[in-house]
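*Asks:* okay, here's the prediction I keep looking at, along with the sequence it came from:
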Amino acid sequence: MSFRHRLTLLVLLHLILLQLPICSDPSLGPPTDAAALHLAYEAGLWQLLDLFLLSEDTQEGFFAEAFAAWLAEHGGLLSSTPGYNTLAADARRLTVSPRIEIDPTYWPIVQRLVLVGQLETAAELLMLHPAYRELQNPGMATQVESIEVVYQLLRVVPRFSRAGSSSSGRLGSMGTLTDDLVQFGRERAEWRKRVDELWAGRERLLAGIKKHDSAAAQGLAGILCLLCAGSDNAANAKKSFEYSSNIATNWVELLTGVLLWKYTTLQPQIHLRQLLATIQAGQKAHERDSDGAFLDFLHELLPASADQEVQSVVSLCTNSPYCSLQFVAHIFDVLRGHPAAERIISRPRPHYGVDQAELYTLNYAETLLGHADTWLMASEYLAWCPVNGAAVMEAVIDQSPFPVQDERMALKALALAQRHGLTAAAAGLCRRLGRAAAQDGRLGAALQWTMRAHDPAVCAELVAPLLAQVQQLLLEQVGNYQVAPLAIPELQDLQPLLAHLPQQHSLNDLAGLQHQLGNSSPSAALQTRSYQELHFLRAFARLQAALADVQRHQQQPGEQQQLLAAAYAAVREPVVQLLLEGLAPAPLQLPLLLYLVPVLDSVHMPFSRADVHGLLQLVSNAAGGLPAAAAAILAGEYSPGLGPSWPLVAGQHTATAGPGEGGGKQLHPRHVNDVRMALCRCLVKAHVAETGQQVRVN
């Protein structure tokens, strides 16, 4: 068995075995939770298949002890009250009984415990016999001597088991444990010889106790008879088998007794099927207080498992009411531990195109897809399906309604798609989430999901109404030449998103890109910038913050001019980004320049001559020429190379709004002239400032 198979087994058992107290702890009473009982069935079957197909105990000859340990753990599954271990419950009841010797079930229960190898519990009940409490009574002392002989047989019985193994831990350490086959054979032969001697002299041994307690004498004789199962005396062995058949409540208990006391080192793959036929034939008439349907299922499963018939095991589990789709999907991890299993499991199923392991995994995943709490788990199962898993997972992520309902689940689904390399599914999920957020009016969330989908075009569509609002507010400011920020709450809500936009190309990068494109127009390069609308909004928000600082400093009497100049200086960077680096769409360029006229006319105007040249060229491109006054001012200094041409919206060559557009104030040719004149005055101030600075330096 590979480490991967064992690791898978242990992880799944850790989850399933949490339910085992329902079947192993009699103090909990009969189970009332059907789901928990079903898990208990699956835990028992899982460990049983592990025992036959993977366990090293079976391969090394310790099957008898391991099977007895399985029965001790899961015996409640065989009960007529499914999930309730009646043997453990009866033993627990006897330990607290005030008059154990008069209970008619006392000796039958002790004998059943001995039969199935639960020797520690049997010895504990023997020590509770009232004879041990009244040793001063000569009659009781005789009874103790008889009980003590049987007790000592159980205490020293050789057991073929490893110390510290799971089976020895479940059955206890009663007896002498050895994993040396030669030593075990020698010691067990001597012990059997002692049992035969005691059985032959049982009349004399039990004569004293028979006078005072005939039930005790019969009970001790029955234990001796059970222990004669491996006797070389054929008559003794036959009588032991017949007595065991009467004591056992079902053929599984009888099988356990025969394995422990007669065929201790049996190899199930070689001998178990024949032994099962003999035992089931001899026990059928004596079954009582047992679940006949589950025993019938085990009657088919045990021979198939013992013979390691992989396909038979799969068929039985698939059609069994005790095995869920989850169990069937995982059972292949156990079966693959068998050397010949892979050839059978990997054989394609007719009409499906996949092997049966993938088929049953897909069936189980399908049951998980319809629930919000389990659909992500279904996607993990699909990762185990090499043929159709990726396609089904992509369809699930693309169509499932659950991620749209819960953002936390959406993030998990996105991580799942990215982990499995389903980039198209991840992008599709992000688009769905973006559309859902947009429909709910959550613009920031919609933009965030759309950016995760790497879809700048949809982002532009989402912010188009906000850009229209900005344009409308700028048009409403036309003619109101005052430094005042605009009230745009939606823009403030986007600040966290805008602060983490991906980096944009610088102008130098764009020049190189323009050269690669072989296009003489810089607008072709500018239009390759992703998320330009969002970068515009970020720069515009920074402009609003800078203007708010300017307004605050202007409204405070006695404000230091240095602070006011610093506030005006902060206006420059967003203006350069908006107008000189091409972030502002063409319809917004002239309204922005009109909005900035108070800044251009201020004594603290922050722009350089190069900046003003670029702004003048922007007006020239937008309106088709420079005024004579500006041309005179720029004579001998102006160069078209000082600023790039700015991209215009297709079909638009002016920034003016036509009649009826904008819903508010309209732009007129005089507004263009106002901007030109303001820029001319600004250019003069920039020229004077820079010339004076040069003079001071010289």
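*Replies:* Yep, that arrived. Numbers count the residues shown, from 1 in each chain.
*Asks:* which regions of this protein sit below the pLDDT cut-off?
*Replies:* Residues of the chain meeting the criterion pLDDT under 70: 1-32, 135-139, 164-169, 282-286, 337-353, 503-530, 557-559, 622-667, 695-698.
*Asks:* the longest helix in it is where?
*Replies:* For the chain, the longest helix by residue count, based on DSSP state H, is helix 669-697.
*Asks:* I'd like the distance from that one to the chain centre, please.
*Replies:* 65 Å (Cα atoms, centre = their mean, to the nearest Å).
*Asks:* which secondary structure elements does that helix sit against?
*Replies:* With contacts taken as 3 or more Cβ pairs under 8 Å, 6 or more residues apart in numbering; DSSP states H and E, helix 669-697 sits against helix 586-595, helix 597-601, helix 609-623, helix 628-633. Every residue, glycine included, has its C-beta placed from N, CA and C.
*Asks:* would JSON lines of these with mean neighbour count and distance to residue 409 be doable?
*Replies:* Listed next are the helices and strands packed on helix 669-697 as JSON lines, based on neighbours: other Cβ atoms under 10 Å; distance: least, Cβ to Cβ, whole Å:
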{"stretch": "helix 586-595", "mean neighbour count": "23", "distance to residue 409": "40"}
{"stretch": "helix 597-601", "mean neighbour count": "20", "distance to residue 409": "49"}
{"stretch": "helix 609-623", "mean neighbour count": "22", "distance to residue 409": "48"}
{"stretch": "helix 628-633", "mean neighbour count": "14", "distance to residue 409": "60"}
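*Asks:* format these as CSV; extra columns: distance to residue 105.
*Replies:* Compiled in CSV, the helices and strands packed on helix 669-697 are given as follows (distance: least, Cβ to Cβ, whole Å):
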stretch, distance to residue 105
helix 586-595, 94
helix 597-601, 101
helix 609-623, 103
helix 628-633, 115
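*Asks:* tell me where the chain has strands.
*Replies:* Secondary structure of the chain by DSSP state E: the strands cover 158-160, 176-178.
*Asks:* who wins for proximity to residue 335 among the ones you listed?
*Replies:* Judged by Cβ to Cβ, the one of these that comes nearest to residue 335 is strand 158-160, at 27.4 Å.
*Asks:* which elements pack onto that closest one?
*Replies:* Applying 3+ Cβ pairs under 8 Å, 6+ apart, one finds that strand 158-160 contacts helix 63-74, strand 176-178, helix 181-200.
*Asks:* what comes up buried for the longest one?
*Replies:* Read that as helix 181-200. Residues of helix 181-200 classed as buried: 184, 187-188, 191-192, 195-196, 198-199 (neighbour count, 16 or more other Cβ atoms under 10 Å).
*Asks:* which strands and helices sit next to it?
*Replies:* helix 138-156, strand 158-160, strand 176-178, helix 214-227.
*Asks:* hmm, who's touching that helix?
*Replies:* 61, 149, 153, 156-160, 176, 178, 205, 224-225, 227-228, 230-233, 236, 264-265 (Cβ atoms under 8 Å, 6 or more residues apart in numbering).
*Asks:* returning to that earlier point: okay, the helices and strands packed on helix 181-200 in a markdown table with distance to residue 290 and mean neighbour count next?
*Replies:* What follows is the helices and strands packed on helix 181-200, written out as a markdown table (distance: least, Cβ to Cβ, whole Å; neighbours: other Cβ atoms under 10 Å):
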| stretch | distance to residue 290 | mean neighbour count |
| --- | --- | --- |
| helix 138-156 | 26 | 17 |
| strand 158-160 | 27 | 23 |
| strand 176-178 | 30 | 18 |
| helix 214-227 | 19 | 21 |
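*Asks:* quick one on the thing from earlier: now render the helices and strands packed on strand 158-160 as CSV, adding distance to residue 585.
*Replies:* Output for these, formatted as CSV (distance: least, Cβ to Cβ, whole Å):
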stretch, distance to residue 585
helix 63-74, 74
strand 176-178, 86
helix 181-200, 89
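*Asks:* to residue 552, which of the ones you listed lies closest?
*Replies:* Nearest of those to residue 552, taken as Cβ to Cβ: helix 63-74 at 77.6 Å.
*Asks:* and the helices and strands packed on helix 181-200 as JSON lines, adding distance to residue 599?
*Replies:* Formatted as JSON lines, the helices and strands packed on helix 181-200 follow (distance: least, Cβ to Cβ, whole Å):
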{"stretch": "helix 138-156", "distance to residue 599": "102"}
{"stretch": "strand 158-160", "distance to residue 599": "96"}
{"stretch": "strand 176-178", "distance to residue 599": "94"}
{"stretch": "helix 214-227", "distance to residue 599": "105"}
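*Asks:* for the nearest residue to residue 460 once chain neighbours are set aside, give its distance to residue 588.
*Replies:* Once flanking residues are discounted, residue 460 sits nearest to residue 533: 5.0 Å by Cβ to Cβ, 6 or more residues apart in numbering. To residue 588, residue 533 is 11 Å away according to Cβ to Cβ, to the nearest Å.
*Asks:* and the buried residues of helix 181-200, which is closest to residue 469?
*Replies:* Taking these together and measuring to residue 469 by Cβ to Cβ, the closest member is residue 184, at 89.7 Å.
*Asks:* circling back to that earlier point, of the buried residues of helix 181-200, which is the nearest to residue 252?
*Replies:* When the buried residues of helix 181-200 are compared for distance to residue 252 (Cβ to Cβ), residue 188 wins out at 23.3 Å.
*Asks:* good, we can wrap up now.
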